[in-house]
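Chemist: build me a model:
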Amino acid sequence: MDLAGSGPIVYERMSERSTILVNVHGPDQPGISAGLMDVLTATGAEVYDIEQIVVRSRLTLNVLIGVDGHKATIRDLLLFGWEQRLHIEFEVVDPIPTPTKSMTVVTVIGERIGPDDFGAVARSIAQGGGNIERIFRLSRYPVVSYELAVSNGDTDKIREQLLQTAAERPTIDIAIQPEGLERRAKRMVVMDVDSTLIENEVINLLADEAGVSDEVARITAAAMRGEIDFEGSLRERVAFLQGLDEEALQRAAKRITVTPGARTFIRTLKRMGMKTAIVSAGFTRFANALAADLDIDYSLSNTLDVKDGLLTGRLAGELVDGPRKATFLQDIAASEGISPSQVVAVGDGANDLEMLAAAGLGIAFNAKPVVKERADTSVSVPYLDAILFLMGVRRDHVDAADAADPDFEQRPLLDVPGMPPV
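Modeler: From the prediction side, this is the model:
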């Protein structure tokens, strides 16, 4: 029997009762874990901890065991490894349990993530005193994303280093979140509409119909950057729309483009049992139609005043601005019995800042610099479903749910089609 590939056997320091880390690696196949446990059961070993990962059909399995009469256990494990074409290594470790570690999760997203990108992220974590314990891929399309489990370190310093790395590498997004129940217990997502759920600014589309697109676009851009008063700027822009008729509104509606990945994002959230809401400084006739089309639970936006079939250039009813977005989030969370810490908010403009701050996780989506600086994290890729990866959702789980749904209809014009090479 050739045991040459089974690795070193460590006998030193073994007392009558030994704590041993067993490392198993080799080609994966059904029954390895069960067979290994049968060996440990037969030799009277006690299992303290197990971790396993399979990458491209290559297994790495670590089992921490306590055992009396270690020689028989090692002998039987080596025989099992030889029979299964596995390499098995042993290390005697401290029997005192490892203290509970503070854990954070770092998510890296990009169209491409190269070794230089990974190296920069790893250095940032190390400079903050953190240690990467696990890495696994969340997606490979429409973007590549990885989740890194990081233990210990100074979270603030790690965050600072990662922000610097992200600024130096605009082709990737990096997010850091505490690992814990709150991250796993999100129950609602609230989104802005213009330049978030959709690619357009509706007021700019209406301004184009009114022949004042340049003037309104200039004011819109300044308002979204937080450079001018939002309420005053909104009323100023709406005044430019005076006289538009129903046909003009319909033409603008037909030009609205839903952000790629939006349908996948919302469909997946609904399958996860999460509530969804949109809130917009835009206008009810457009936002409500989107909510109905996408099966969104709640919608709030401004109302354009109409008289004799024409826009008056004024708003009707309550103004929806930054503070109102935040209270809307809080109100519907309370009505659903959901803590604000369990809410994810997504937006791009300065008028979304209060809403992002009110949520447990505020995400700046292709946002203005002032929003990126103050949000919990940001996403710069043009796919709304990339937010799922920040929530720890894996792309293969999304695809499996779609494949199992008899009512699912892929819409390639709105969701990115196709599969890139593995």
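Chemist: which SS state does Phe118 fall under?
Modeler: helix (DSSP: H, G, I helix; E, B strand; the rest coil).
Chemist: tell me where the stretch 101-250 of the chain has helices.
Modeler: Using DSSP state H, counting those that start in this stretch, the helices of the stretch 101-250 of the chain run over 115-127, 155-168, 181-184, 202-210, 213-224, 230-239, 246-254.
Chemist: tell me the contacts of the closest residue to Val216 other than its chain neighbours?
Modeler: Computed as Cβ to Cβ, 6 or more residues apart in numbering, the closest residue to Val216 that is not its neighbour in sequence is Ala207, at 3.5 Å. For glycine as for every other residue, the C-beta is placed from the backbone atoms N, C-alpha and C. Going by Cβ atoms under 8 Å, 6 or more residues apart in numbering, Ala207 touches Ser213, Glu215, Val216, Ala217, Arg237, Phe240, Leu241.
Chemist: report how many residues lie close to Asp405.
Modeler: Residues within reach of Asp405, counting by other Cβ atoms under 10 Å, total 11.
Chemist: phi, psi for it please.
Modeler: For Asp405, the backbone dihedrals (degrees, to the nearest 10) come out as phi -90, psi 110.
Chemist: can you check Glu179 too?
Modeler: phi -90, psi 130.
Chemist: enumerate every residue touching it.
Modeler: The contact partners of Glu179, taken as Cβ under 8 Å, 6+ apart, are Met103, Thr104, Val105, Ala149.
Chemist: in strands only, show me these.
Modeler: Met103, Thr104, Val105, Ala149 (DSSP state E).
Chemist: could I get the residues you listed as JSON lines with neighbour count and pLDDT?
Modeler: Shown next, in JSON lines, are these (neighbours: other Cβ atoms under 10 Å; pLDDT from 0 to 100):
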{"residue": "Met103", "neighbour count": "15", "pLDDT": "89"}
{"residue": "Thr104", "neighbour count": "22", "pLDDT": "93"}
{"residue": "Val105", "neighbour count": "18", "pLDDT": "95"}
{"residue": "Ala149", "neighbour count": "16", "pLDDT": "94"}
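Chemist: what's the lowest-mean-pLDDT helix or strand in the chain in contact with?
Modeler: Using mean pLDDT, DSSP states H and E, helix 181-184 stands out as the lowest-scoring helix or strand of the chain, at a mean of 76. When contacts are defined by Cβ under 8 Å, 6+ apart, helix 181-184 is touched by residues Val105, Gln177, Ser341, Gln342, Gly360, Leu361, Met391, Gly392.
Chemist: again, only this time at 7 Å
Modeler: Residues outside helix 181-184 that contact it (Cβ atoms under 7 Å, 6 or more residues apart in numbering): Val105, Gln177, Ser341, Gln342, Gly360.
Chemist: and which of those is nearest Lys270?
Modeler: Closest to Lys270 out of these is Gln342 (16.3 Å), distances taken as Cβ to Cβ.
Chemist: for the residue nearest to the closest one when sequence neighbours are not counted, give me the pLDDT.
Modeler: For Gln342, ignoring the flanking residues on the chain, the nearest one in space by Cβ to Cβ, 6+ apart is Arg187 at 4.5 Å. pLDDT for Arg187: 95.
Chemist: related to what we said a few turns ago, export the helices of the stretch 101-250 of the chain to JSON lines and tack on distance to Asp399?
Modeler: Formatted as JSON lines, the helices of the stretch 101-250 of the chain follow (distance: least, Cβ to Cβ, whole Å):
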{"stretch": "helix 115-127", "distance to Asp399": "25"}
{"stretch": "helix 155-168", "distance to Asp399": "28"}
{"stretch": "helix 181-184", "distance to Asp399": "21"}
{"stretch": "helix 202-210", "distance to Asp399": "32"}
{"stretch": "helix 213-224", "distance to Asp399": "34"}
{"stretch": "helix 230-239", "distance to Asp399": "40"}
{"stretch": "helix 246-254", "distance to Asp399": "31"}
